[in-house]
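Trainee: Using only what follows, build the 3D model:
(2 chains)
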Amino acid sequence: MKIATWNVNSIRARHDSVFAWISRAEPDVLCMQETKVVDDDFPTDELLRLGYTVAMSGQKSYNGVAIASRLPMTDVAIGLHDDAGAGESRLIRATVGGVRVYSAYVPNGKSPTNPSFKDKLRWLGRLKQTLQKEATPETPLCVCGDYNIAPEARDVFDPVAMAGQLHFHPDEHRALADLMAFGLTDVFRKHHQEAGLFSWWDYRAGAFRRDAGLRIDYVLATAPLAARCTAVEIDVAPREAEKPSDHAPVIATFD
DNA sequence: ATGGTTGTAACACAA
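Mentor: All right, here's what the predicted structure looks like:
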């Protein structure tokens, strides 16, 4: 089973790229973030025609997450456990082929000194609580998404310049480690050890051309699922295309 | 270079 995650940065602006990529990459499951449309504007029918079922949680203009799956999805749930249906659209999950799949869009945080930075840290703690309420470390489960955090020095283009900056701040690393202490591992690092493998490049200042990127999109899996992971790849091709998302898709393959 | 670019939206904000 191939499970992919991609921050598409507007499903409307990225419509053609996303459908071209799905047809080429043929993921069994695609978790999307930053769809930026209300549910009525999501291309549900078009995905159905390609053989995917769809679950989405959208909102106007910002955020928005979705899961498209070639296998039936059951037990779709939306939002953090304490959202009460009122939060931003940043989390959706469903069970697919016996695997609990999360599509998560972690708050950006704006800057370490901005109040929303602490919201980002708290959001990760609430995500852990949501996991604890519906799963155990023995549940075959993966949390796919845009974490807006580069975990380690090898995940950033310039660890010295990035030290203490947004996406690479000690507080973010602590919050991520605490989430992973639920019993999650970054399956990308089971298969790749080298530095300089990125999933996001800022639109500004020619970051992609300079390969000034970060690895902030990943798949965290519980042990029973991680043991079945045979490959993880970042597909840079869509980032090289015309009118790209600033993120590249990440594809994890499981036996 | 406390800049730069993109998407949504509306004359700014989020990323």
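Trainee: C-alpha only now, for contacts and for neighbours.
Mentor: Fine.
Trainee: so A:Gly125 touches A:Glu172, yeah?
Mentor: No - the criterion here is CA atoms under 8 Å, and A:Gly125 misses it with A:Glu172 at 11.0 Å.
Trainee: Write out the residues of the stretch 101-250 of chain A neighbouring DNA strand B.
Mentor: Residues of the stretch 101-250 of chain A lying close to DNA strand B (CA under 7 Å from any atom of the strand) are A:Pro107, A:Asn108, A:Gly109, A:Lys110, A:Tyr203, A:Arg204, A:Ala205, A:Gly206, A:Lys243, A:Pro244, A:Ser245.
Trainee: starting at the chain centroid, how far to stretch A:200-210?
Mentor: 19 Å (CA atoms, centre = their mean, to the nearest Å).
Trainee: which parts of it are buried?
Mentor: Neighbour counts over stretch A:200-210 (16 or more other CA atoms under 10 Å) mark A:Trp200, A:Trp201, A:Phe208 as buried.
Trainee: Okay, and which of the residues you listed map to strands?
Mentor: A:Trp200, A:Trp201 (DSSP state E).
Trainee: Export the buried residues of stretch A:200-210 to TSV and append columns for distance to A:Gly58 and pLDDT.
Mentor: As requested, the buried residues of stretch A:200-210 are exported to TSV (distance: CA to CA, whole Å; pLDDT from 0 to 100):
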residue	distance to A:Gly58	pLDDT
A:Trp200	22	98
A:Trp201	24	98
A:Phe208	28	98
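Trainee: give me every residue that touches the residue of the stretch 101-250 of chain A at minimum distance from DNA strand B.
Mentor: Taking CA to the nearest atom of the strand as the measure, the stretch 101-250 of chain A has A:Arg204 as its residue closest to DNA strand B, at 3.3 Å. By CA atoms under 8 Å, 6 or more residues apart in numbering, the contact list for A:Arg204 is empty.
Trainee: pLDDT at it, what is it?
Mentor: Per-residue pLDDT puts A:Arg204 at 96.
Trainee: From A:Ser89, how far off is it?
Mentor: From A:Arg204 across to A:Ser89, the span is 26 Å (CA to CA, to the nearest Å).
Trainee: same thing with A:Pro151?
Mentor: 24 Å.
Trainee: More neighbours: which of those two?
Mentor: Taking other CA atoms under 10 Å, A:Pro151 and A:Ser89 do not tie; A:Ser89 has more neighbours (28 against 23).
Trainee: Find the nearest non-adjacent residue to that one, please.
Mentor: In this structure, A:Ser89 finds its nearest non-sequential neighbour in A:Gly64, 4.9 Å apart by CA to CA, 6 or more residues apart in numbering.
Trainee: again with A:Thr130
Mentor: Closest to A:Thr130 by CA to CA, 6+ apart is A:His81, at 5.1 Å.
Trainee: what residues are up against that neighbour?
Mentor: Contacts of A:His81 (CA under 8 Å, 6+ apart): A:Arg126, A:Leu127, A:Gln129, A:Thr130, A:Lys133.
Trainee: Any chance of the residues you listed in JSON lines with pLDDT, neighbour count and secondary structure as columns?
Mentor: Converted to JSON lines, the contacts of A:His81 look like this (pLDDT from 0 to 100; neighbours: other CA atoms under 10 Å; DSSP: H, G, I helix; E, B strand; the rest coil):
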{"residue": "A:Arg126", "pLDDT": "98", "neighbour count": "17", "secondary structure": "helix"}
{"residue": "A:Leu127", "pLDDT": "98", "neighbour count": "20", "secondary structure": "helix"}
{"residue": "A:Gln129", "pLDDT": "98", "neighbour count": "17", "secondary structure": "helix"}
{"residue": "A:Thr130", "pLDDT": "98", "neighbour count": "15", "secondary structure": "helix"}
{"residue": "A:Lys133", "pLDDT": "98", "neighbour count": "10", "secondary structure": "helix"}
